[in-house]
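Engineer: how does the following fold in three dimensions:
(one chain, ligands or ions: 2)
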Amino acid sequence: MKLIIDTDPGVDDAMAIFYAAAAPDIELIGLTTIFGNVTTEMATRNALRLVEAAGLEDVPVAQGAQKPLVLPPFPPSADVHGAEGFGDIPAATPKGQPLDEDAADFLIRMAHAHKGELVVCPIGPLTNIAEALQRDPKFADNVKAIVIMGGSLEEGGNITPFAEANIYHDPHAADIVLQAGEKVTLVGLDVTHRILCTPTDFDAMAAQSPELGGMLRDMSHFYIAFYKRMRDFAGCSLHDPAAVIACTDPQHFVRQKVALRVSCDGEDIGATLPDPDSGRAPVQVCMKVDSATVKAQFLKRLALLP
Ligand code: RIB
Ligand code: CA
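Structural biologist: Ligands and ions are numbered 1, 2, ... in the order given. The predicted model follows:
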């Protein structure tokens, strides 16, 4: 599967990108970067660090939007992912540079070049995807699927009681993307809150994959400490890896078709809300997951890394 991951790395983004590097059924066409867990510049630096660490120096990185479509810029989620985005691992300067082309133009060009084959997996705010849809009316036709880590139907929110973080960080962009119909799948908190990894899992990962698994284990300490404080859980959800696995293994997820809108103001801003009378095409929302199988597949493939 030809895949572009749109990412705000981010601890669980790093897990998703290393999973993609290890997965034999994924051809990683590129990464596009966005603000959210970090600023867009930090996301680009971190994305370059991740492809270099994974030995994927040839995978291009295209930098994305600096701010949401309408709302003012948000401060990065440093309390969750650390000041530099990788927990308390210090910042490091990558060798490579991003493309001159911006994320939306790269997405449009790749969707055209790989017509009907390209899966786009946004695991951050949806600003770049909305930009691509607005710049190229054929973008939605050209892609094979858009599989988003984001949203929540019955699980409530994680950044507010109503909203999941990726949607909250650009609700206007999300509302545009969620009108793109059944090619859109939402892998939201309804399923990602069921896929949990503990420090023991990360220690085992690091024992089998000292370099990359060790990096994820080191990043996870800060991330799990946040979960312990906020959700009293000694572990973390595999939000972003679940979305990448949903791209290649949809059979592990039970989806329902729902026409959605996104609240763009008020107390529930960023909430993904069923809107059956809106006349919008339904999107596919993951409501159940075989979490044991998804977790085992994630850990098994990460163990193959150096
Ligand atoms: O709500 C979880 C999502 O927000 C994940 O993608 C995480 O990396 C943050 O971007
Ligand atoms: Ca993310």
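Engineer: just the element for residue 31, please.
Structural biologist: Following DSSP states H and E, the helix or strand that holds residue 31 is strand 27-33.
Engineer: and the next element down the chain from that strand?
Structural biologist: Counting by DSSP H and E, the element after strand 27-33 in chain order, helix or strand, is helix 40-53.
Engineer: in that next one, what's buried?
Structural biologist: Neighbour counts over helix 40-53 (16 or more other Cβ atoms under 10 Å) mark 40, 42-53 as buried. Any C-beta I mention is one placed from the backbone N, CA and C, and that applies to glycine too.
Engineer: which of these lies closest to residue 2?
Structural biologist: Of all the buried residues of helix 40-53, residue 51 has the smallest distance to residue 2: 16.0 Å, by Cβ to Cβ.
Engineer: adjacent strands (with direction) for the strand holding residue 31?
Structural biologist: Strand pairing for strand 27-33, determined by DSSP bridges: strand 2-7 (parallel), strand 61-62 (parallel).
Engineer: how about the residues of the stretch 151-300 of the chain by ligand 2?
Structural biologist: Residues of the stretch 151-300 of the chain lying close to ligand 2 (Cβ under 5 Å from the ion) are residue 240.
Engineer: for ligand 2, what's the nearest residue on the stretch 151-300 of the chain?
Structural biologist: With Cβ to the ion as the measure, residue 240 is the residue of the stretch 151-300 of the chain nearest to ligand 2, at 4.9 Å.
Engineer: what about that residue, how many residues close to it?
Structural biologist: Counted by other Cβ atoms under 10 Å, the residues lying close to residue 240 total 30.
Engineer: my read: residue 213 touches residue 303, true?
Structural biologist: Yes: between residue 213 and residue 303 there is a contact under Cβ atoms under 8 Å: 7.0 Å.
Engineer: higher neighbour count, those two?
Structural biologist: Comparing residue 213 with residue 303 by other Cβ under 10 Å, the one with more neighbours is residue 213, at 25 against 15.
Engineer: list the contacts of the strand or helix carrying residue 175.
Structural biologist: Assigned by DSSP H and E, residue 175 belongs to helix 171-177. Residues from elsewhere that reach helix 171-177 (Cβ atoms under 8 Å, 6 or more residues apart in numbering): 68-71, 122, 125-127, 129-131, 133-134, 146, 148, 150-151, 163, 166-167, 184, 261-264, 269-270, 272.
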